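Asks: The sequence and its predicted three-dimensional model are supplied below.
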Amino acid sequence: RDVLKEFQITDMREFYNTIEKEASAEYKDRGSRFIVYAFPISSAEDFKKRLKTLKEEHSKAVHHCFAYRIGTDGNNFRAGDDGEPSGSAGKPILGQLDSKEVVNAAVVVVRYFGGTLLGVPGLINAYKTVTSLALQMTPIIQKPVLVEYELQFDYTLMNEVMIVVKRFNCVVLVNEMQLFCRMVLGVPKNEEALFIQKLQDAHGIEFKKRNS
């Protein structure tokens, strides 16, 4: 597990790598078929839903091994061998995600056993290779690291707030519109300083940084 935690995106980084869309690939070794699915996720729930679907689609497969990593602090990850020898499947899958510093992404590898044991080195190679194939087939893109801010303001200032939202490419996470409004924004880290300055110059908008 200590090896898995070597991956770390520092708080200073303004962008992170992720995958744009789902990709699939296949690898064969001595009769065994390894079918891989790499897909973007934003939460563990996203992953669980897709894994459930894949298990239903491949109900006759002997193993459904996986790894995922969420967020940019390096702490939210999982790797599963699903009955393969310990460290022979989930760890090499996660290793491929980490080698490209890809986060908010998951990989599931479905194995159909071909009758011949591959041994731990053979398994590590198979899971590593098929994961690498999938990551080569889906575009790896950069997205801004978002910092959360909570805003409170009178409804009459909504247009002014929305101009700031669009100007700094913020993501609206919560929007409670009443006479007095509350909004939670994801602010791109590379725009944070200018965003704060703009709000400080405005009148009647209270804001605070939220703990991530």
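Replies: Perfect, I can see it now.

Asks: Helices of this structure, residue ranges please.
Replies: 44-57, 90-99, 119-137, 158-167, 192-201 (DSSP state H).

Asks: between these, which gets nearest to residue 35?
Replies: Closest approach to residue 35 among the helices of the chain is made by helix 119-137 (7.7 Å; CB to CB). Using the backbone N, CA and C atoms, a C-beta is placed for each residue, glycine as well.

Asks: Run through the bridge partners of residue 76.
Replies: Going by DSSP bridges, residue 76 is paired in beta bridges with residue 70.

Asks: neighbours around it, how many?
Replies: Around residue 76 there are 14 other residues, counting by other CB atoms under 10 Å.

Asks: average model confidence for stretch 30-50?
Replies: The average of the pLDDT scores along stretch 30-50 is 97.

Asks: oh, I was asking about stretch 167-185
Replies: On average, stretch 167-185 scores 95.

Asks: In it, which of the residues would be classed as buried?
Replies: Applying a neighbour-count criterion of 16 or more other CB atoms under 10 Å, one finds 168, 170, 181, 183, 184, 185 buried in stretch 167-185.

Asks: before we move on, what about stretch 107-117?
Replies: In stretch 107-117, counting by 16+ other CB under 10 Å, buried: 107, 108, 109, 110, 111.

Asks: With respect to residue 56, which of the residues you listed is nearest?
Replies: residue 110 (11.4 Å).

Asks: can you pull the contacts of the closest one?
Replies: 34, 35, 36, 37, 54, 58, 61, 63, 64 (CB atoms under 8 Å, 6 or more residues apart in numbering).

Asks: Who does it form a beta bridge with?
Replies: residue 35, residue 64.

Asks: That one and residue 146, how far apart?
Replies: Distance of residue 110 to residue 146, given as CB to CB, to the nearest Å: 33 Å.

Asks: Between which two of the buried residues of stretch 107-117 is the distance greatest?
Replies: 107 and 111, at 13.0 Å, using CB to CB across those.

Asks: what about this structure, any weak spots by pLDDT?
Replies: Low-confidence segments of the chain, defined by pLDDT under 70: 1-12, 212.

Asks: Number of residues surrounding the residue nearest to residue 81 when sequence neighbours are not counted?
Replies: Once flanking residues are discounted, residue 81 sits nearest to residue 89: 4.5 Å by CB to CB, 6 or more residues apart in numbering. Residues within reach of residue 89, counting by other CB under 10 Å, total 30.
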